[in-house]
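Engineer: Sharing a model prediction with you, sequence too.
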Amino acid sequence: MDAREELVQRVARRRGERMGLSKSAYAELLLAVRKNPVEFIDNREDATFLALGKLLDKFAADRQGDDLLEDDEFAIERAKRMGKLSIACEKITKACPTCVDARVVQIIASDRDPDVELGMLLDLRDEIAGGPWTSDTTGTGDAWNDVFARPWLRLLARIQFAALDSGRYRICDKAGEDALSLSPTDGVGARRACALSRARLEDEEGLNRLEARFSHRGDSWFALSRVILLYKLGRMTAARRALRGMCSLCDGGAYALLRPILIDTYMPDRPQYAPYSFEEVTLAVHEADPIILDVPDFALWAERQEDIASAGKSFAGEHGLDW
Amino acid sequence: MSFDPSREDYQRLALRFVNQLDGTDPLKAAREFATFGRRFAQDRDSLPQTDEDRAFHLVSLAATIIDYDLPFSRGGTSQDLLKRGRNLLNEAVSLDPYCYDAIRMLRAADIPSFDLYYDFLDETADEVGAHCQEQRDLMLATHEGDRAVLASKIAMYPYLRWLGMQASKAVICGRNRQAIRICNRLLELDPTDIADARFTAAIAYAKLEDEGGLDALARRTRQVSIERARGPEDAWMQLARMAIRFKQYRMNDAKRQLQQLCDTYPYAAATIFLQHELPDGVFYRLAVPPYSEDELIVACSEATVLFQEGRARCGHGSLGTWLAERAKELAPKEDIDALVAREDSELNGDSGEGR
């Protein structure tokens, strides 16, 4: 989430609507706000949003050294960082409970089991459902175009993650469907967790429909979901073909699948990477982890495909990664 | 119901014995039959039998050793038991090359991966089916009346076990649609469901979070078991319903279902608290009495695929963690203390061996 850019748009939107500006005047205003958004903030919700952005920047900066830490040092650092963020968010949300993003971040930073996190997120959803900014009022047919509706879409996407991690695939799929119906272009990326859920639920038609909805413009999640689905359905020749397809489409796909990399909790949403990039496929494999674990021989099977194993190995060699 | 290997062994020989008495004077036949029980137990070799019967007898011995004795043994004794079981099964196959129970049980030990064992079962299933159906037709042609019914049923048992095992392995491999397909085939082959395919199907429907499918299964199989027709639903169905409610985040409904389970089975809360995963029966799912403590233990073990799914810090999985917490609230403290103490003493090797 680009908190700075969203703040600019929020502030400009509020002011522009109040002043009833023309299109060109609004463009001028946007430029001015972009230069110094703080100067234009005149309400508590935007002030809270600004504070949240700063907390998230600090959090991301604190994460930078993680790679160098040993496992137990990392666990300690992480717990400290999450604790601090949680307390800070609690403070700002107490002052302004309508800042949904800050409340979601507070829930994530409280660092509970996915089961508990899901409960908290669902409570929040029920609390604000039907209220302002939980429907598409843009007239463009896509709520993502409305910066004030994005927190709701992000909440739905976060529900997807917690549901996926706690083994609740229909809830994950439903939250994704809700997000997609408001935002068919899917700025929040809800289709991805839907694809994984449908693979886990062995719902081939559902996955086909989802792919068709996005005109088969695939990404790492769709590619991986297809492999898992075909494997679970026992169509092994097709599964092998899909696996090869995924590994040739995704840069370092074989490596990502066979040597999964630990990814820390998204704070608060999924980072954006180019389709089929190594970074993207790494995230897809990370999100699919509970589903892959549920198919105990899946990774073994993938590794037994000689071309896949050797592709993974040579990718590791080229990029100085462990194998 | 499940399959009781010793009972099946008895039935096979009894059928053969009775068949042989056909045509003799009824009084003499009755007298002869009165000796059957004693001869079966003490002088088995004096009874008429074929190599197939002898092979199945060895399977029944191996089944008892591997499925019922082995889980309660340790160290050197386990190795001895395994070796004895294997020898019996090898001998069974040498007596009867179509002894598919023995073939299946031997391969279970030889194939280290879930997938490869599943593949083996899948690839061989048609061959087993064809052989058993041939045997069934033979039994129908050579027996009469009730005997024909029983003999032809028994002839199909190895195939039912084969498919039943394949379905339960499918669930473990994460292939739930395949599991359901196989269970449906089993229910078609044997509407009385001696293989208890409906138990496996219930778990698979819960994995797919398919409430409609589970309800349809419940309706379809409600009357299958006379012992259960009037009683509460079996542990598998109740666990599946609870899992689906949990997965839908209908936590109060899930809790009510858990309460019902605790009302159905003795010491249920303690069993659910412990969530033991037992080694799967190699002959078949262990034969345990309906609604017994043991039945819930077996069902919970099979529901491990539901309990352990999802991340949770204590490593129990999402549903498993929630269940352990709720069970602790529900279980009488003495029950849990007693069980934990029993476990500790077993871990320290104090327990006796055998069943």
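Structural biologist: Thanks, I have the structure now.

Engineer: which non-adjacent residue is nearest B:Gln223?
Structural biologist: B:Ala229 (5.4 Å; CB to CB, 6 or more residues apart in numbering or on different chains). Where you see a C-beta, it was placed from the backbone N, CA and C, and this is true even at glycine.

Engineer: can you count the residues close to the one you found?
Structural biologist: Using other CB atoms under 10 Å in any protein chain shown, B:Ala229 has 9 neighbouring residues.

Engineer: for chain B, what are the nearby residues on chain A?
Structural biologist: Along chain A, the residues adjacent to chain B under the rule CB under 8 Å from any CB of the partner chain are A:113-115, A:118-119, A:122, A:165-171, A:201-202, A:232-234, A:290, A:294-298, A:300-301.

Engineer: Drop anything exposed from the residues you listed.
Structural biologist: With burial judged by 16 or more other CB atoms under 10 Å in any protein chain shown, the buried subset of those is A:113-115, A:118-119, A:122, A:165-171, A:201-202, A:232-234, A:290, A:294-295, A:297-298, A:301.

Engineer: returning to that earlier point: confidence score at the residue nearest to B:Gln223?
Structural biologist: Note on B:Ala229: pLDDT of 84.

Engineer: B:Trp322 is in what secondary structure piece?
Structural biologist: If you go by DSSP states H and E, B:Trp322 is part of helix B:318-330.

Engineer: cool, and B:Phe120?
Structural biologist: helix B:114-142.

Engineer: How about that helix, which residues are buried there?
Structural biologist: B:114-115, B:117-122, B:124-125, B:128-129, B:132, B:135-136, B:139.

Engineer: What segments of the stretch 151-300 of chain B are strands?
Structural biologist: Applying DSSP state E, counting those that start in this stretch to the stretch 151-300 of chain B gives no strands.

Engineer: residues in contact with the closest residue to chain A within it?
Structural biologist: Closest approach between the stretch 151-300 of chain B and chain A, counting by CB to the nearest CB: B:Gly174, at 3.6 Å. Going by CB atoms under 8 Å, 6 or more residues apart in numbering or on different chains, B:Gly174 touches A:232, A:294-296, A:298.

Engineer: Name the nearest residue to it, ignoring sequence neighbours.
Structural biologist: Spatial nearest neighbour of B:Gly174, excluding adjacent residues (CB to CB, 6+ apart): A:Val295 at 3.6 Å.

Engineer: which phi and psi does that neighbour have?
Structural biologist: For A:Val295, the backbone dihedrals (degrees, to the nearest 10) come out as phi -120, psi 80.

Engineer: My guess is it contacts B:Ile172. True?
Structural biologist: No: look at A:Val295 against B:Ile172 with CB atoms under 8 Å: they stay out of range, at 9.8 Å.

Engineer: can you tell me how far B:Asp122 sits from chain A?
Structural biologist: Distance, B:Asp122 to chain A, using CB to the nearest CB, to the nearest Å: 8 Å.

Engineer: which is the next helix or strand following the lengthiest helix in chain A?
Structural biologist: In chain A, taking DSSP state H as the definition, the longest helix is helix A:71-95. Remark: after helix A:71-95, the chain's next helix or strand is helix A:100-109, criterion DSSP H and E.

Engineer: tell me the SS of the residue nearest the centre of chain A?
Structural biologist: By CA atoms, centre = their mean, chain A has its centre lying nearest to A:Arg270, at 2.8 Å. Assigned with DSSP: H, G, I helix; E, B strand; the rest coil, A:Arg270 falls in the coil class.

Engineer: show me the contacts for it.
Structural biologist: Contacts of A:Arg270 by CB under 8 Å, 6+ apart are A:157, A:189, A:192, A:283.

Engineer: What are the phi and psi values at it?
Structural biologist: phi -70, psi 130.

Engineer: could you say what helices and strands the helix or strand in which A:Lys174 is found packs with?
Structural biologist: Element membership of A:Lys174, judged by DSSP H and E, is helix A:169-182. Under the contact definition 3 or more CB pairs under 8 Å, 6 or more residues apart in numbering or on different chains; DSSP states H and E, helix A:169-182 sits against helix A:150-165, helix A:190-200, helix B:235-247.

Engineer: can I have the last one written out in CSV, keeping just the CAs?
Structural biologist: Only the C-alpha atoms of helix B:235-247 are listed here, as CSV (Å, rounded to 0.1, in the frame of the first residue of the first chain):
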residue,chain,number,x,y,z
ALA,B,235,-18.1,-39.9,15.2
TRP,B,236,-16.9,-39.3,11.7
MET,B,237,-20.1,-37.6,10.7
GLN,B,238,-20.1,-35.5,13.9
LEU,B,239,-16.4,-34.6,13.5
ALA,B,240,-17.0,-33.6,9.8
ARG,B,241,-20.0,-31.5,10.8
MET,B,242,-18.1,-29.8,13.5
ALA,B,243,-15.1,-29.1,11.2
ILE,B,244,-17.4,-27.6,8.6
ARG,B,245,-19.0,-25.3,11.1
PHE,B,246,-15.6,-24.3,12.4
LYS,B,247,-14.4,-23.6,8.9
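
Engineer: Give me the contacts around that helix.
Structural biologist: Here helix B:235-247 makes contact (CB under 8 Å, 6+ apart) with A:167-171, B:198-200, B:202-203, B:205-206, B:209, B:211, B:214, B:217-218, B:232-233, B:251, B:253-254, B:257-258, B:260-261, B:264-265, B:295-296, B:299-300, B:302-303, B:306, B:319, B:322.

Engineer: Buried ones only from these, please, as a PyMOL command.
Structural biologist: Filtering the contacts of helix B:235-247 down to the buried ones (16+ other CB under 10 Å) takes a single PyMOL command:
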select buried, (chain A and resi 167+168+169+170+171) or (chain B and resi 198+199+200+202+203+205+206+209+211+214+217+218+233+254+257+258+260+261+264+265+295+296+299+300+302+303+306+319+322)
